[in-house]
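Novice: no sequence on this one, just coordinates:
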């Protein structure tokens, strides 16, 4: 890892993203097919957010990211992707008004979180879990701004919440930490929470 590359990535992304306001970042699996109900919900969310004045940020890839970007791209606001270079190259999805490319996951993650007014987490794997834990830690330690964190599909996230409850019982986290996010099951609930 070269420090000058990291600095350059952060500076370029900051310059590109600082002109966008009212941003919602959507995280979720790259492996979900476009005909999956979750992908359809991500599309509906992207379009609804875009038509309600929110720009949509994603990791620019396939799956949930592509669905959310497609919805936003068809809406009134901007569809923005922060793509990552991988050994098996991840091509940016075609539904982007603006696309930034990153060498490092952590610089990409910083920008996806820093420029978000809220984050929505669809089901996903290690990458999605990493992104969720990062933002929960930033909110818990007040190293990041206090933003709304919404977990879509309560059935998927309930085992994680059970584990969080175990952490709270052992006093590894505080009860207030469990109030830093909320589970939702419908796109309409997300829009309601963003307006609250």
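Specialist: Yep, that arrived. Quick caveat, the model's predicted, so the values are computed rather than measured.

Novice: list the buried residues of the helix or strand of the chain with the lowest mean pLDDT.
Specialist: Across the helices and strands of the chain, mean confidence by mean pLDDT, DSSP states H and E is lowest for helix 3-17: a mean of 92. For helix 3-17, burial by neighbour count (16 or more other Cβ atoms under 10 Å) applies to 6, 9-10, 13, 16-17. (Each C-beta comes from the backbone N, C-alpha and C, glycine too.)

Novice: isn't residue 117 right up against residue 24?
Specialist: Yes - under the criterion of Cβ atoms under 8 Å, residue 117 makes contact with residue 24 at 6.5 Å.

Novice: the two: who's more crowded?
Specialist: Per other Cβ atoms under 10 Å, whichever of residue 117 and residue 24 has more neighbours is residue 24, with 27 against 15.

Novice: from residue 86, how far out is the more buried one?
Specialist: Here the criterion is Cβ to Cβ, to the nearest Å. By it, residue 24 lies 25 Å from residue 86.

Novice: then residue 26?
Specialist: Counting by Cβ to Cβ, the gap from residue 26 to residue 86 is 20 Å.

Novice: which parts of this structure are helices?
Specialist: In the chain, the segments counted as helices under DSSP state H are 3-17, 37-51, 64-74, 105-114, 126-141, 154-169, 187-195.

Novice: got those helices as JSON lines, with distance to residue 181 columns?
Specialist: Formatted as JSON lines, the helices of the chain follow (distance: least, Cβ to Cβ, whole Å):
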{"stretch": "helix 3-17", "distance to residue 181": "23"}
{"stretch": "helix 37-51", "distance to residue 181": "17"}
{"stretch": "helix 64-74", "distance to residue 181": "18"}
{"stretch": "helix 105-114", "distance to residue 181": "14"}
{"stretch": "helix 126-141", "distance to residue 181": "7"}
{"stretch": "helix 154-169", "distance to residue 181": "9"}
{"stretch": "helix 187-195", "distance to residue 181": "11"}
